[in-house]
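Asker: Need coordinates for the following:
(2 chains)
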Amino acid sequence: MLSTKGQVIERLLGGAFICRTTDEDGWRFLRIQANREQVDAYLGQLNRLVVTIGTGPDSEVFFCGYRALGDAERKIISDQFRDICQALTPLVEWLVLVQDAAGQDAPLTEGMPVRLNELQTVIEDTPAFREQLSHLCRHSLFNSKSVDVDGQIKQIFTRLCKLGYLIRPNTEKQIYLATGKLDYLYEVIRFIDDAEGLNLEDQAESAVQGQLL
Amino acid sequence: MSDHLKEAGLRLLRGLARHAEPIMDAYLSGSIADQALEPGVRERLLKDGILYRPEPGADLHLRRAVRALLEEALRDDRNRRIDANTGSALATFKTLADHYKEARHQGDYAAAEAYLGDLKEHVYAFGETLSHGIRVLWSRINNEFGYVGTLDAKIRENELAQSQVSELLAGLELVSFEMLAETAGDLRELRHLLVTNLQRTIGSCAQELSIVQGRLLELLGRFREIRGRTRLIKGWLLHLSQHPEYQVGSHAAGSTIPALLNRADPALAPASLSLHDPTQEAELLALLAQVRSQHPRESRVQALADAPVLTLTVPDDFEVRSSAIRAAVDAYFCEVIDSGEPLSALEYRDRQSLSNDAESWLYQVLGGYEGLPEEQKRYFELETIGEVHPLFSGNFIIRDLRLCLA
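Answerer: Below is the predicted model:
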């Protein structure tokens, strides 16, 4: 059996995001500075290091990045960035759909549960949500050919689990948990917002006020 | 006098108990309509100061003191009131301490005792009010302002709580121990009460309040972040709908790449088994057992997936197990062929002394005859010997069969 350190290194090298929801032991391990230095030292031999994102004390997310950036690494990173930018819009649409359908004022973040059955009932009963769902399915990210809500929503959730945005702790229950990768997604949007000066938050705020007026 | 007070208090408490139902109704719904109460009861409650009418024509409301008692006893979340009036409490302390000193000075020890008791009551009540305020704040923090629905309301509640904490802290700052020590002078009881006791209370409250303040700020930060995220994703969709042609710039191509985007490619491929490692033998065998048990199921699935073209072939010949009675029937047919003479089935049975009983033998012969291929059947004739049923027409009872060549 591998030690926690070994497991953490293996998961990091496998491209996983380590957060409290997906791997609590590994997450606790990495939160300790000394442990992280050990893992960093090991990953250093492979030109890699541990990257942390997350602001709150309990919402850090760890993943593996490159230590030195050569041309090959730059190519990989820019490919990845392009991929994530392409996936951004469908993912954001899905997040908004889940948030609206659940009637919450907080979007999904790490550790929050989604009950598929409840979500499905709401979407089936609301034509606007059904419309949004079938629009989502047309994105190449989800790519569901199904015509009924049941098939569409299951395909989307399966895809999201495969992409690592959700996990399903108990395969017998239709309850999913959001992972730290979603938090990473928010950070990416925030980064784009800052880098391009889009002022997304202000746009949303003024749009809400415009509706109120 | 104290007897009189005690009696009045008991009467009030009994009144509360007797009218518990309307009081709880008023507590839960905020007010109670006049019609809901019998006139006598209404008058009684109004007179006792349990209910009051805030303005003419309005419904009856619970008195603040009764409401506070219930909120406190029920640990109700809706309790938002925090008494931060330190100034008046301090003034009361000082006044009572002066009364006490004066009484002592004049040698009126009974009055001094009474003033000291009063002062004690006030000091303890002050500590109790403070710790109650902190408890209320904690209970609101602990359920994260769950009693209001929206995030904006939570943020407002948080801001209210923060202003209350600031007020409490400002109130605590008013407490000047130098002044209190001066008031107490060299009287031991007063010093104990006003300096030692109060210092301890205020010290622990101030410490706890600073923790409360930290937690409130942290919560506020989290609420704002959640709100920020909601706005961020809504803003993103809005931006895209307004600028359908929008493309994100290539931020990952520049000379400095932000740490956020620095994600390494997965570098681990699945490892293979080492068959020569004896320490893993048990696990490997267990895996192998699983593979075996999975195998038939998998192969069926595969056969379904890529089944060969369906062709119709002659089914393989198979042998019908011969039974003794069939063999005997065959022998009987051969006997008829050999002799060329008609032969009764029962007669043959008796001659061969077969063990089968007559009825099953006849059935078997009948079946043997009917089972022959059509071209063979033509060479035989089966004659049935028997009689018509005497009572029921249309029934023929076979007593014997006779087989002969056609």
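Asker: which stretches of chain A have low pLDDT?
Answerer: For chain A, the stretches with pLDDT under 70 are A:1, A:55-57, A:210-213.
Asker: how does it divide up, domain by domain?
Answerer: A:4-66, A:73-212 (automatic domain parsing).
Asker: Repeat that for chain B.
Answerer: B:1-74, B:77-242, B:324-405.
Asker: With distance to residue A:50, mean neighbour count and mean pLDDT added, can I get those in JSON lines?
Answerer: Quick note: C-beta positions are derived from backbone N, CA and C, even for glycine. Listed next are those as JSON lines, based on distance: least, CB to CB, whole Å; neighbours: other CB atoms under 10 Å in any protein chain shown; pLDDT from 0 to 100:
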{"stretch": "domain B:1-74", "distance to residue A:50": "49", "mean neighbour count": "13", "mean pLDDT": "83"}
{"stretch": "domain B:77-242", "distance to residue A:50": "23", "mean neighbour count": "16", "mean pLDDT": "86"}
{"stretch": "domain B:324-405", "distance to residue A:50": "84", "mean neighbour count": "14", "mean pLDDT": "83"}
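Asker: Between these, which one is closest to residue A:94.
Answerer: Closest to residue A:94 of the domains of chain B is domain B:77-242 (CB to CB; 9.9 Å).
Asker: and the closest one, does that touch chain A?
Answerer: Yes - interface with chain A: domain B:77-242 contributes B:150-152, B:222, B:225-240 (CB under 8 Å from any CB of the partner chain).
Asker: all helices of the stretch 51-200 of chain B, in order?
Answerer: Applying DSSP state H, counting those that start in this stretch to the stretch 51-200 of chain B gives helices spanning B:64-74, B:86-105, B:109-142, B:151-174, B:177-184, B:188-191, B:198-242.
Asker: no wait, chain A
Answerer: For chain A, the helices defined by DSSP state H cover A:4-13, A:24-31, A:33-44, A:71-102, A:116-125, A:127-137, A:149-163, A:180-196, A:200-212.
Asker: Next, the contact list for residue A:209, please.
Answerer: By CB atoms under 8 Å, 6 or more residues apart in numbering or on different chains, no residues touch residue A:209.
Asker: List the residues that contact the most centrally placed residue in chain A.
Answerer: The centre of chain A sits closest to residue A:182, judged by CA atoms, centre = their mean, with a distance of 2.2 Å. For residue A:182, the contact set (CB under 8 Å, 6+ apart) comprises A:95, A:108, A:109, A:110, A:165.
Asker: And residue A:141, by the same measure?
Answerer: By CB under 8 Å, 6+ apart, the neighbours of residue A:141 are A:86, A:87, A:90, A:91, A:159.
Asker: and residue B:276, how many residues sit next to it?
Answerer: Residue B:276 has 7 neighbouring residues, counting by other CB atoms under 10 Å in any protein chain shown.
Asker: Next, it: secondary structure please.
Answerer: coil (DSSP: H, G, I helix; E, B strand; the rest coil).
Asker: By neighbour count, which of the contacts of residue A:141 wins?
Answerer: residue A:91 (24 neighbours).
Asker: Rebuild the domains of chain B as a markdown table, extending it with distance to residue B:288.
Answerer: Shown next, in a markdown table, are these (distance: least, CB to CB, whole Å):
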| stretch | distance to residue B:288 |
| --- | --- |
| domain B:1-74 | 64 |
| domain B:77-242 | 50 |
| domain B:324-405 | 50 |
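Asker: how about the nearest residue to the residue of the stretch 101-250 of chain B found nearest chain A, chain neighbours excluded?
Answerer: The minimum distance from the stretch 101-250 of chain B to chain A, using CB to the nearest CB, falls at residue B:235 (3.0 Å). Nearest residue to residue B:235, sequence neighbours excluded (CB to CB, 6 or more residues apart in numbering or on different chains): residue A:200, at 3.0 Å.
Asker: and what of residue B:52?
Answerer: Residue B:52 sits nearest to residue B:63 (CB to CB, 6+ apart), 5.7 Å away.
Asker: got a list of what that neighbour touches?
Answerer: Residue B:63 touches B:49, B:50, B:51, B:52, counting by CB under 8 Å, 6+ apart.
Asker: Format those residues as JSON lines; extra columns: distance to residue B:337.
Answerer: Below are these laid out as JSON lines (distance: CB to CB, whole Å):
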{"residue": "B:49", "distance to residue B:337": "126"}
{"residue": "B:50", "distance to residue B:337": "120"}
{"residue": "B:51", "distance to residue B:337": "120"}
{"residue": "B:52", "distance to residue B:337": "124"}
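Asker: What about the residue nearest to residue B:235, how many residues nearby?
Answerer: There are 23 residues near residue A:200, going by other CB under 10 Å.
Asker: Just list the residues touching it, thanks.
Answerer: A:189, A:193, B:231, B:232, B:235, B:236, B:238, B:239.
Asker: Next one: it relative to residue B:245, how far apart?
Answerer: 17 Å (CB to CB, to the nearest Å).
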